[in-house]
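> I would like the atomic coordinates for the input below:
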Amino acid sequence: MRKPLLGATLLAWGLCTSQFSYAFKDPLELPAIQAPKAAKALSLNVTSQGSNVLVVGERGIILKRDFAAGDAAQGVKDNEGKVWTQAKVPVSVNLTGVQFVNDKLAFVVGHDGVVLKSADAGASWIKVFDGNKANEQVVAAAKKKMDDMQSRFDAASSAEQESLNEALEAATFAFEDAEAGARFGPARPMLDVWFKDANTGWVVGSYGQIFETNDGGNTWTLIANRLDNPDFRHYNGLYGDETGLLLIAGEAGRVYMSKDFGATWVRSDTGYNGHFYGTVVIRDAAGQPNVFAYGFGGNVYRLGAGASAWWQLQSPSKESFVQGLARGKTALFVDQKGRLVSTDETGTTLKMVSAAEGKPVTGMALVNNTLVLSGQNGPRTLALPR
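Modelled structure (predicted):
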């Protein structure tokens, strides 16, 4: 067989490497494409502030619409013919969580640990954090814990070392796991976000990730050591309010609670062993919280005001509840088929209030008397049941 000329070989190699580099651009550095059908793509979450709605979804798509102003002159149409404006977004990863802090300020989280910030009500966005920066802090924290445990072990007597050995092995494994994850890249998603004001906020995600900022998202600090989560279970949903109450809905039926804006936390095991995706809080006449944790397989658990134990509500749906919201004295949930289930005013009974099924749903927000649902084939609306 005749060997190719060196020049031809180098040219072919150059073309291959050029195509390889182009094909594998980091989605954290690749802006979202302005797509004519962006409002019909998969949307993964939705939020509202007054009449303004933000929808986030696959490949960095963020959509904005003012329901009071009606259709904009230009934009992208959803399947109902409503016109949305696609925002300028600096990343093309899937986006999973979104919150309006006020009329202008908003934050979004997503895959690869990304956190985005908007100061113009969602029209444009900047990246303020990502999985690369998160990995640095996770590895550093794991190394410090391992080194501290090793120092304790070395200083202990032989008898004490026996009791410390298991903890040292666990800390060493956690460090090695963190290093391996960092080598793999910024692959761990953030799943939810909540800010109490323009400066202070939190993001949570997979494998026990929780970060806090006190300067509007410019810098973030890992605070995982404040929570009792030694097996690094996922944090799926985050709730907060002005009283200082923070709630994290997680794996293995766990709800993590803080009453002082995240300074201290208590883990609450509900007795359920599946995923919770979020929580809803309904306050009684005395201002005390009744907490509802919802999630996989139509499960809803209630922790009454002042109660120490959770109890399961009998659900009319066996589909996973993907979003819940407070509505007066009741909590409203939407399942993944788009059906609506509500508590009664005592918070002890669940009833189906809308049994109509549609495309898979991922989130829900309220605008006046209309629900905006995110999901397959983009956002859609649903009249709020009476």
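> Strands of the stretch 151-300 of the chain, residue ranges please.
Remark: strands assigned in the stretch 151-300 of the chain by DSSP state E, counting those that start in this stretch are 190-195, 201-205, 210-213, 221-222, 235-240, 246-250, 254-258, 266-269, 276-283, 289-295, 300-303.
> ok, and what's touching the shortest one?
I take that to be strand 221-222. 134, 137-138, 141, 209-213 (C-beta atoms under 8 Å, 6 or more residues apart in numbering). (Each C-beta comes from the backbone N, C-alpha and C, glycine too.)
> Could you do the first one as well?
Here strand 190-195 makes contact (C-beta under 8 Å, 6+ apart) with 96-99, 101, 105, 107-111, 113-115, 201-206, 209, 234-240, 246, 278.
> Which helix or strand contains Leu371?
Taking DSSP states H and E as the definition, one finds Leu371 inside strand 370-375.
> follow-up on the earlier one: could the strands of the stretch 151-300 of the chain go into TSV alongside mean neighbour count and distance to Ala32?
Listed next are the strands of the stretch 151-300 of the chain as TSV, based on neighbours: other C-beta atoms under 10 Å; distance: least, C-beta to C-beta, whole Å:
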stretch	mean neighbour count	distance to Ala32
strand 190-195	25	17
strand 201-205	26	20
strand 210-213	22	23
strand 221-222	14	27
strand 235-240	24	24
strand 246-250	26	28
strand 254-258	21	32
strand 266-269	14	37
strand 276-283	22	25
strand 289-295	25	29
strand 300-303	22	35
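> Among these, which comes closest to Ser51?
Smallest distance to Ser51 across the strands of the stretch 151-300 of the chain (C-beta to C-beta): 20.5 Å, for strand 190-195.
> now the angle from the closest one to strand 201-205?
Between the axes of strand 190-195 and strand 201-205, defined by axes from the mean of the first three to the mean of the last three C-alpha atoms, to 10 degrees, the angle is 170 degrees.
> Can you give the distance of strand 190-195 from its chain's centre?
5 Å (C-alpha atoms, centre = their mean, to the nearest Å).
> average model confidence for the longest helix anywhere in the chain?
Assignment by DSSP state H gives helix 158-184 as the longest helix of the chain. Mean pLDDT, helix 158-184: 91.
> what's the answer for stretch 379-386, then?
For stretch 379-386, the mean pLDDT works out to 91.
> chain center to that stretch, what's the gap?
23 Å.
> Stretch 316-335 too?
Stretch 316-335 sits 18 Å away from the centroid of its parent chain (C-alpha atoms, centre = their mean).
> Go through it and flag the buried ones.
If you call a residue buried by 16 or more other C-beta atoms under 10 Å, then stretch 316-335 has these buried ones: 317, 319-325, 330-335.
> List just the nearest of the contacts of strand 221-222 to Tyr301.
Distance to Tyr301 across these (C-beta to C-beta) is lowest for Ile210, with 21.6 Å.
> picking up where we left off before, ok, and what's touching the strand holding Leu371?
So strand 370-375 is contacted by 42-46, 48, 53, 55-57, 67, 334, 338, 340, 359-366, 379-384 (C-beta under 8 Å, 6+ apart).
> follow-up on the earlier one: what about the strands of the stretch 151-300 of the chain, which gets the closest to Ala174?
strand 221-222 (13.2 Å).
> what about stretch 223-243, start to end distance?
Chord length of stretch 223-243, first to last residue, is 20 Å (C-alpha to C-alpha, to the nearest Å).
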